[in-house]
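> no sequence for this one, just the structure:
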């Protein structure tokens, strides 16, 4: 296919049109990487500031790898929160507070000097796992990431659903005045539950204490796993995925998936989700957003057909 427009200009300048600057902005860390095909060639990272202007964060990240400029043909950003028409907003400000309707793709294009697109980070990771990881061989799967908060993505009939699809952490229950489940099961809640029992630690410390036989820590993990199991069971009934792929620092903590699965014992076999561990780890969002950015017009609608024809 003939290259046109900006792509043709980049080719004439010797820039690889298969290389993407992929940026993952999470609640605690910002990761930037040069991705060519499925390979991460180089990467830099920095802590996510607690507040401020995201354009400053992005500029700071780019300054950490000045020799990358001119080596990528487009930029894709995977971010916590929701992205609609290139504008970024926080879904849960406790995870990351940003200005509402932030013009993310416009800022990215201006700072990086190439076409830009953006997507929710868990949705990007869902595509990465579907295309290259634990979801290979399926047409319908769900990715569920459990770390500081809870996020996810849905692939239905080989297409990634975007918009609000996959924001499972915002599912409500009758627990604690209809609060989002991520506020009653994820890493932030684990730390709060530990502090309420006199233990000043984070989720990692809770898991460490449980491994050392501390009953209070084991109880926190057990309750989190039970609540996540309820979420997975509801996802299975609502979407009937072939697999629910579990990722995130808590989701992939030793024994956590087994704890979730143990809560399915009372369910009829046909209602039990099939849980599998994510294969791409922390690379899923970066690889996923790069694959999407390389697809025609940054649209995943035809990507499954293009990548697996």
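Great, that's in hand. Here the structure is a predicted model, which means the values were calculated and not measured. Residues are numbered from 1 along each chain as shown.

> Residue 237 contacts residue 271, correct?
Yes. Judged on C-beta atoms under 8 Å, residue 237 makes contact with residue 271 at a distance of 6.6 Å. C-betas here are computed from N, CA, C, even on glycine.

> residue ranges for the strands of this structure, please.
For the chain, the strands defined by DSSP state E occupy 19-25, 29-36, 39-47, 74-79, 82-84, 87-89, 116-120, 141-146, 150-156, 159-161, 243-247, 275-277.

> Show me what the last one is packed against.
What that stands for is strand 275-277. strand 243-247, helix 256-262 (3 or more C-beta pairs under 8 Å, 6 or more residues apart in numbering; DSSP states H and E).

> Swap in 6 Å and give it another go.
strand 243-247 (3 or more C-beta pairs under 6 Å, 6 or more residues apart in numbering; DSSP states H and E).

> How about the second one?
In this structure, strand 29-36 packs against strand 19-25, strand 39-47, with contacts taken as 3+ C-beta pairs under 6 Å, 6+ apart.

> which of these sits most buried?
Compared across those, strand 19-25 shows the largest average neighbour count, a mean of 26 (mean count of other C-beta atoms under 10 Å).

> Pull up the pairing partners for that strand, direction included.
Here strand 19-25 is paired, per DSSP bridges, with strand 29-36 (antiparallel), strand 74-79 (parallel).

> For residue 286, which of those is the nearest?
Evaluated over the strands paired with strand 19-25, closeness to residue 286 peaks at strand 29-36, with 5.0 Å, by C-beta to C-beta.

> which residues does residue 142 bridge with?
Beta bridges link residue 142 to residue 154, residue 244, judged by DSSP bridges.

> And the pLDDT for the nearest residue to residue 83 once chain neighbours are set aside?
Excluding the flanking residues, the one nearest residue 83 by C-beta to C-beta, 6 or more residues apart in numbering is residue 118, at 4.8 Å. Looking at residue 118, its pLDDT is 95.

> quick one: buried residues of the helix ranked longest in the chain?
The helix that spans the most residues within the chain, counting by DSSP state H, is helix 215-239. Buried residues in helix 215-239, counted by 16 or more other C-beta atoms under 10 Å: 217-218, 220-221, 224-225, 227-233, 235-236, 239.

> Show me what that helix is packed up against.
Using 3+ C-beta pairs under 6 Å, 6+ apart: helix 215-239 touches helix 203-211, helix 256-262.

> so the residue nearest to residue 250 when sequence neighbours are not counted bridges to which residues?
The shortest distance from residue 250 to any non-neighbouring residue, by C-beta to C-beta, 6+ apart, is to residue 146 (4.4 Å). As for beta bridges, residue 146 partners with residue 150 under DSSP bridges.

> In this structure residue 146 contacts residue 251, no?
Yes. Counting by C-beta atoms under 6 Å, residue 146 touches residue 251, with 3.9 Å between them.

> May I see the helices and strands packed on helix 215-239 arranged in a markdown table, with mean pLDDT as well?
Below are the helices and strands packed on helix 215-239 laid out as a markdown table (pLDDT from 0 to 100):
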| stretch | mean pLDDT |
| --- | --- |
| helix 203-211 | 97 |
| helix 256-262 | 97 |
